[in-house]
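Asks: Structural data only, the sequence is not supplied:
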């Protein structure tokens, strides 16, 4: 048995030795608000803000780890989300406060000018940050997001209309009956499981995936992983297909023209965040670039990982 590697393979291995990418985590004390962060890799900083609102950075992993080869990735769990402690007053869960938390992380870690990537709701936080702190940005990446809650509500209504008629009728009934305060004590602050399965199953799923649907996807899983106090404050209490919480303040379209930072906008071709919204954003941010990923829903970095990473890496290289 020949245990010697062929010369070509051995040469390739020697030319590209394994590299250890460091991981560090910690908490930033931002005026009494604790914000969890995790850094991965080396290089220029790329700060990454997750969606939800009220999710955590975990759903972005492991797909985004590949960018740690060229950048120091800084993942944040927004205030009250994931590993960041809940706050006693839900009224402090606002887009503006979360943009300030991004700035606190930048300052505390001494990052200097940063590239900032926001996915879904995280893109809204990234926009709010850019509108106030663009002098601290080298690049802005907006993934599957929106700049107008009015436009998002229209998109959500269209999604609901495309549900199977029986599912939509049952969804409407549950919404009319009220979605909270039901079941066991530990269930009363979140959606009933039946509603979660309908909304995040036949309601959302067609707009989440395309090329590579997640075989591990469980519609009701979000019912136990999201920060519900935060979600209800920001999204609202009347269901998945209307935003009537404090996110109604997000009407940035008329201000987007003030963003002068190099900007990349990414969206799936059948994204939950309607691609028409991304096209409108691209038209209003001078010099911005729009990439529409084919056969992709909201989870673009899962459906089209190679194309997603190629677009981001090429953008950050300039």
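Replies: Perfect, I can see it now. Keep in mind that this is a model prediction, so the values were computed, not measured.
Asks: tell me the contacts of residue 315?
Replies: If a contact means Cβ atoms under 8 Å, 6 or more residues apart in numbering, then residue 315 has 139, 141, 262, 264, 289 as its contacts. C-betas here are computed from N, CA, C, even on glycine.
Asks: Neighbour-wise, give me the winner out of those.
Replies: Using other Cβ atoms under 10 Å as the neighbour test, the contacts of residue 315 are led by residue 141, with 24 neighbours.
Asks: What segments of the stretch 51-200 of the chain are strands?
Replies: Using DSSP state E, counting those that start in this stretch, the strands of the stretch 51-200 of the chain run over residues 71-77, 114-119, 137-143.
Asks: Note down every partner strand of the first one and its orientation.
Replies: Spelled out, that is strand 71-77. Strand 71-77 has its sheet partners listed here by DSSP bridges as strand 33-40 (antiparallel), strand 44-49 (parallel).
Asks: re earlier: can I get the strands of the stretch 51-200 of the chain in JSON lines with distance to residue 184 and mean pLDDT?
Replies: Shown next, in JSON lines, are the strands of the stretch 51-200 of the chain (distance: least, Cβ to Cβ, whole Å; pLDDT from 0 to 100):
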{"stretch": "strand 71-77", "distance to residue 184": "27", "mean pLDDT": "98"}
{"stretch": "strand 114-119", "distance to residue 184": "33", "mean pLDDT": "98"}
{"stretch": "strand 137-143", "distance to residue 184": "37", "mean pLDDT": "98"}
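Asks: The closest residue in space to residue 203 that isn't next to it in sequence and residue 191, how far apart?
Replies: Using Cβ to Cβ, 6 or more residues apart in numbering and skipping residues adjacent in sequence, the residue nearest residue 203 is residue 163, 5.5 Å away. With distances taken as Cβ to Cβ, to the nearest Å, residue 163 is found 16 Å from residue 191.
Asks: ok, now residue 88?
Replies: Using Cβ to Cβ, we find residue 88 at a distance of 23 Å from residue 191.
Asks: More neighbours: which of the two?
Replies: residue 191 (25 against 7).
Asks: surely the more buried one meets residue 199?
Replies: Yes. Residue 191 is within contact range of residue 199, at 7.2 Å (criterion: Cβ atoms under 8 Å).
Asks: Give me the phi and psi angles of residue 263.
Replies: Dihedral pair for residue 263: phi -130, psi 130, per degrees, to the nearest 10.
Asks: Near it, how many residues? Count them for me, please.
Replies: Per other Cβ under 10 Å, the neighbour tally for residue 263 reads 25.
Asks: And for residue 30?
Replies: 19.
Asks: Report the spatially nearest residue to it, omitting neighbours in sequence.
Replies: Nearest residue to residue 30, sequence neighbours excluded (Cβ to Cβ, 6+ apart): residue 104, at 3.6 Å.
Asks: again with residue 263
Replies: Nearest one to residue 263, counting by Cβ to Cβ, 6+ apart, is residue 288 at 3.9 Å.
Asks: Read off the pLDDT value for the nearest residue to residue 123 once chain neighbours are set aside.
Replies: Nearest non-adjacent residue to residue 123, counting by Cβ to Cβ, 6+ apart: residue 145, 2.6 Å away. Looking at residue 145, its pLDDT reads 98.
Asks: quick one: residue 145 from residue 118, how far?
Replies: Per Cβ to Cβ, residue 145 is found 6 Å from residue 118.
Asks: so where's the stretch 101-250 of the chain uncertain?
Replies: Regions of the stretch 101-250 of the chain meeting the criterion pLDDT under 70 are absent.
Asks: All the helices of it, residue numbers only.
Replies: With helices called from DSSP state H, counting those that start in this stretch, the stretch 101-250 of the chain shows them at 121-133, 149-161, 165-177, 193-198, 222-225, 228-234.
Asks: could you dump the strands of the stretch 51-200 of the chain to TSV with distance to residue 235?
Replies: Formatted as TSV, the strands of the stretch 51-200 of the chain follow (distance: least, Cβ to Cβ, whole Å):
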stretch	distance to residue 235
strand 71-77	18
strand 114-119	16
strand 137-143	19
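Asks: Of those, which stretch is the most buried?
Replies: Comparing those by mean neighbour count (mean count of other Cβ atoms under 10 Å), strand 114-119 ranks first with a mean of 26.
Asks: helices or strands up against it?
Replies: Packing partners of strand 114-119 (3 or more Cβ pairs under 8 Å, 6 or more residues apart in numbering; DSSP states H and E): strand 44-49, helix 121-133, strand 137-143.
Asks: Setting aside sequence neighbours, what's the nearest residue to residue 151?
Replies: residue 277 (5.3 Å).
Asks: Sounds good, over and out.
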